[in-house]
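J.: Build the 3D model from these lines:
(4 chains)
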2 protein chains.
Amino acid sequence: MMDGEIRDKFRKSGYTLTSQRRAVLEALEASSGHPSAEDVYLIVKRKNPRVALGTVYQALSVLEEIGVIGSKHWNESPTRYDLNVEPHLDIRCGHCGEVAEIPGVSLDGLENQIKENTSYEVTSATLVVEGVCPRCRRER
Amino acid sequence: MMDGEIRDKFRKSGYTLTSQRRAVLEALEASSGHPSAEDVYLIVKRKNPRVALGTVYQALSVLEEIGVIGSKHWNESPTRYDLNVEPHLDIRCGHCGEVAEIPGVSLDGLENQIKENTSYEVTSATLVVEGVCPRCRRER
DNA sequence: CTCGGAATTAGGAATGGTTATTGATTACTC
DNA sequence: GAGTAATCAATAACCATTCCTAATTCCGAG
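T.: Okay, the predicted model is just below:
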C-alpha cells in the first residue's frame, strides 16, 4: 500500500512524507481494525520510542487532509482512524469499543437526497452506528 | 409542550421532574435551534443564576434517557440538544456552527438494511452531516 | 406536620482526548 | 555547505464533560 498513489498525494499537497508519517501509516496497516490515535501511538513507539503523541495526532490529521486515511468519531470515545477512505459503514460496540465494518449497505442516493433538500453546501456525511457486538451480547 | 406526556415519562422512569429539569426543558423550547449544554446553561441562568453547569448536563442526560429530548454530536464541537426525538437529519455549518434541520430525506429502510448486514445488535444510528450554510458561503 | 432516608443540587476539582507552543532538529533550495 | 522552511519532541494548555462532596430538597411513613 506504500505505493505511488500516496507519494502522489503528498507531492500534490505540499506536505513531505517523513519517516514519522510513514510509520503512522504502517501502524495503521499493522493494526487489525480501527485504531485510535493512542493505539497508533503505541504501535509506532514500539519501533521508534522517541515519537511524541502530538506528532501522531499531527500526522494523522495530515494523512486525513490529503485523503490517505479516513476517520470516524463516536460519542464518548476517541476518534478512530481507518485506511478505507471510500464511503462505508462502521459500527462500534458500546460495551467493548470494538469497531467493525458493515458491508452491503447502499449509501448511494442518500448524499444526493441530502444535497437536494438543504441550502447548505454539503461537505461530509457520516453515518455513526452503535450497537452490541456478538461477543458482548453472549457475555451479558 | 410541558404536558402530561412528559410528566408520564418522568413517572415511569422514576426520576423526579424538578424545577431545574423543567427549566432546562423550557430553555430548550426558548432557544431557537439546537443549543449546546453551555447555551442551555446560559439561558437557564438568566432566570435562576444559582444553577450549576453540571446540573444542566445531568438534567440533559436524564431528559435524553427518558426520551424527551434528543442529542447529536459533531466532531470538534459540543453536543447539541433538540426537542425533536423523531429520526431526522440535521446539518451543521463548519464555519459558524449553526445547525439546521434537513427535511424531506427518507431514512426508512436504512436502519433495516443495517440490521440485516451486521451481526451486531444495533442500538442507534445517527447521520452526521456537515456543510457550509448559505450565509457563510456568501461571506467567503 | 414532622422525621428520616433517598434523590438532587451547587460548586468546584478532575479527567481525557486533543491542540497549541516552543525551541531544537531535520529537510529541501540554491 | 549556508539559509530558510518544515517538522519534530516535549510539555503545557484547552475545553467539553464527568466526578466528587457537602448541602439542600423531595417524598413517603408515621
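
J.: going forward, measure contacts and count neighbours with C-alpha atoms only.
T.: Noted.

J.: partners of the residue minimising distance to the centre of chain A in the sheet?
T.: Central residue of chain A (C-alpha atoms, centre = their mean): residue A:81, 2.2 Å from the mean position. Beta-bridge pairing for residue A:81 (DSSP bridges): residue A:71.

J.: Same question for residue A:127.
T.: residue B:127.

J.: Spell out which parts of chain A neighbour DNA strand D.
T.: With the criterion set to C-alpha under 7 Å from any atom of the strand, chain A comes near DNA strand D through A:14-21, A:50-55, A:58-59, A:76.

J.: Among those residues, the buried ones, what's the PyMOL command?
T.: Filtering the residues of chain A next to DNA strand D down to the buried ones (16 or more other C-alpha atoms under 10 Å in any protein chain shown) takes a single PyMOL command:
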select buried, chain A and resi 20+21+51+53+59
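
J.: any weak-confidence spans in chain A?
T.: A:1-2, A:140 (pLDDT under 70).

J.: just the helices in it please.
T.: Secondary structure of chain A, counting by DSSP state H: helices at A:4-13, A:19-30, A:37-47, A:53-65, A:110-116, A:134-138.

J.: Between those helices, which one is closest to residue B:130.
T.: helix A:110-116 (10.8 Å; C-alpha to C-alpha).

J.: Which residues does that closest one contact?
T.: A:121-122, A:125, B:102, B:105 (C-alpha atoms under 8 Å, 6 or more residues apart in numbering or on different chains).

J.: And that helix, what's buried?
T.: A:114-115.

J.: Report the contact partners of residue A:55.
T.: Counted by C-alpha under 8 Å, 6+ apart, residue A:55 has contacts residue A:20.

J.: do you know how far it is from residue A:23?
T.: 11 Å (C-alpha to C-alpha, to the nearest Å).

J.: what residues does chain A put near DNA strand C?
T.: So chain A meets DNA strand C at A:16, A:18, A:36-38, A:53-54, A:57-58, A:61, A:73, A:77-79 (C-alpha under 7 Å from any atom of the strand).
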